[in-house]
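>>> Predicted structure and sequence below. I'll ask about it afterward.
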Amino acid sequence: MTLDPRTPVLIGQAQICQHEDDVAQSLGPTQLMAQAIQSAITDAGVTSLGNIDALHVLRSLSNREPNPGRSIARELGLSVRVTGLTPHGGNLPQSLLNYSALAISRGEIDLVVLTGGESSRSRRRAKASETQPSWINASPESANDEPPTVVGDELVMNHEAELARHIALPIQIYPMFETALRASAHRSVQDHQQFISELWSRFSKVAESNPHAWMQKSYTAEQIQNATPANRMIGFPYTKLMNSNNDVDMSAALILCSAERATALGVPRDRWVFPQAGTDCHEHNFVSNRWTFTDTPAIRLGGEYLHELTGRKTSDYDFIDLYSCFPSAVQLGAQSLGLSLNQQLTVTGGLSFAGGPFNNYVMHAIATTMQRLRENPQAHGFVWANGGYATKHSFGAYATTPPPRGYQHSSPQAQVDALPKREVAAQGEAEGPAKLEAYSVMHGRNGEPEIINASVILPDTRRAWATSNDTQLAIEMCEREWVGMPVRIDESGTLLA
């Protein structure tokens, strides 16, 4: 079969982990990304990329450069036509690759560099020590840079009813998915804690053998489950080791180009990894409007659409990486994609152990998938990326052989948008009896339960949000199942047993 010269192909990848204790010697995110790109060029087996159509950067929390792509290009002496910057979202590394592959296949661009990075650990340590490394603020040279091109879509994800109860953080909401999943599985609190701890222990074992993992260490289920001063409870039922680890200095880079350009650059054929197909979609924007905490139909439909494009079921892939910010995300993803939780569902070790550099984790997953496929040329890889509160989804399939029908992309968004939406009660409209649907219990730094966050279903089927600072009730909610229990909401939105 003659290879279409417009076929998109990944030719280079790199991952950087900075474990520098001297903040004054640490590199900032722009420098880490530049280092990753230079390493990705070396990984491709070339010395130069020539003219680059686009250099797209994943938005960072620790970066202060107004146009980080232009700052990186200046540092490396790269010739870059367009510098892009994404909104926030853990789905965006895969989504950006999907849309870049489409642009290449259409002949709109020929070569694109994707990168992202964080120096969150060093920034935190610099603030604590009142140290000012040069990268803490924007560089003087960046003052005259043009604004970056916005790449990727922004999605408003917080309903005013959620914000009214100050329920907006992933560490509050993902544990709510967990309690709902626990009740749906009919497990006791104790049995479910063991269940998710064993799942996370398996993830840590993958990180232990991943040379690019932030924590190359495995943990037993007991070490993950038991709350200690070093592993305190954050938002029950999650200890610290069950949360995404954002306290990292990490970067990654990918180089994607046309097959024609890869050939012209002289990239060795054993470096090539082909994106086969991709899909993108999102659940109803607001958790408030989703029908249940135990189902993610957009993941199911996104997976089905990818199956239609590739002819390959998700369970047939040799290497799989499911987004793993919290155990509930993996359970929802596996359930919707028809995967067993007993199979290996990560190539990196996940965000708790391999590292969770905010928006950019999935770029590490794709880079690792590339490495696995190069080592196993007959294998196939699958990546699911997630953003928000199990909200935004992007899927990608990879192999060392070109896709038979060329790169393809689709979205089931119209089908998702047509799904039923649950109405939500505004502040002050939910007073009276209700049934507890899902909850989390936020703990203080002293390890004691402090605040209950809850979703309840009203007699008229609307959802309402409630909170409580009743510490005795919070303790009880950590000891036995409360999902499905009758409760009351007072006029202020406080949860009453």
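Right, received. Where do you want to start?

>>> Would you state the strands of the stretch 101-250 of the chain in chain order?
Taking DSSP state E, counting those that start in this stretch, the strands of the stretch 101-250 of the chain run over residues 111-119, 149-150, 233-236, 238-239, 249-258.

>>> again but with the stretch 351-497 of the chain, I slipped
380-387, 392-399, 408-410, 432-443, 449-457, 463-468, 486-489, 495-496.

>>> about what we covered before: closest to residue 494 out of the strands of the stretch 101-250 of the chain?
Distance to residue 494, taken as CB to CB, is lowest for strand 233-236 among the strands of the stretch 101-250 of the chain, at 18.8 Å. Quick note: C-beta positions are derived from backbone N, CA and C, even for glycine.

>>> mind checking how far the closest one is from the chain centre?
Distance of strand 233-236 from its chain centroid, counting by CA atoms, centre = their mean, to the nearest Å, is 20 Å.

>>> now for that strand, which elements pack on it?
Packed against strand 233-236 by the contact rule (3 or more CB pairs under 8 Å, 6 or more residues apart in numbering; DSSP states H and E) you find helix 170-184, strand 432-443, strand 449-457.

>>> who does it pair up with?
strand 238-239 (antiparallel), strand 432-443 (antiparallel) (DSSP bridges).

>>> would you list the helices and strands packed on strand 233-236 in JSON lines and tack on distance to residue 198?
Shown next, in JSON lines, are the helices and strands packed on strand 233-236 (distance: least, CB to CB, whole Å):
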{"stretch": "helix 170-184", "distance to residue 198": "14"}
{"stretch": "strand 432-443", "distance to residue 198": "21"}
{"stretch": "strand 449-457", "distance to residue 198": "24"}
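
>>> out of these, nearest to residue 276?
Closest to residue 276 of the helices and strands packed on strand 233-236 is helix 170-184 (CB to CB; 29.9 Å).

>>> phi, psi of the residue nearest to residue 20 when sequence neighbours are not counted?
Leaving aside its chain neighbours, residue 20 sits nearest to residue 26 (4.4 Å; criterion: CB to CB, 6 or more residues apart in numbering). Per-residue torsions, residue 26: phi -70, psi 150 (degrees, to the nearest 10).

>>> Residue 26: neighbour count?
For residue 26, the number of neighbouring residues by other CB atoms under 10 Å comes to 22.

>>> and residue 433, bridged to which residues?
residue 488.

>>> what about it, neighbour count?
Residues within reach of residue 433, counting by other CB under 10 Å, total 13.

>>> The residue nearest to residue 268 when sequence neighbours are not counted: helix or strand, and which one exactly?
Of all residues not flanking residue 268 in the chain, residue 45 sits nearest, at 4.8 Å (CB to CB, 6+ apart). Here residue 45, judged by DSSP states H and E, is contained in no helix and no strand.

>>> list the contacts for residue 45?
By CB atoms under 8 Å, 6 or more residues apart in numbering, residue 45 lies in contact with 266-268, 271.

>>> I only care about those residues that end up buried; give me the ChimeraX line for that.
Buried residues within those, by 16 or more other CB atoms under 10 Å, are selected in ChimeraX with:
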select :267,271
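
>>> Could you single out the nearest of the contacts of residue 45 to residue 39?
Using CB to CB, the contacts of residue 45 come closest to residue 39 at residue 271, 13.4 Å.

>>> Now for the closest one: which residues touch it?
Shown in contact with residue 271 (CB under 8 Å, 6+ apart): 11-12, 43-45, 374.

>>> any idea how far it lies from residue 156?
Noted for residue 271: a distance of 40 Å to residue 156, by CB to CB, to the nearest Å.

>>> again, but for residue 438
Applying CB to CB, the value for residue 438 to residue 156 is 22 Å.

>>> Who has more neighbours out of these two?
Between residue 438 and residue 156, counted using other CB under 10 Å, the more crowded position is residue 438 (26 against 8).

>>> ok now do that one, which residues does it touch?
Counting by CB under 8 Å, 6+ apart, the residues that residue 438 touches are 176-177, 179-180, 293, 454-455, 483.
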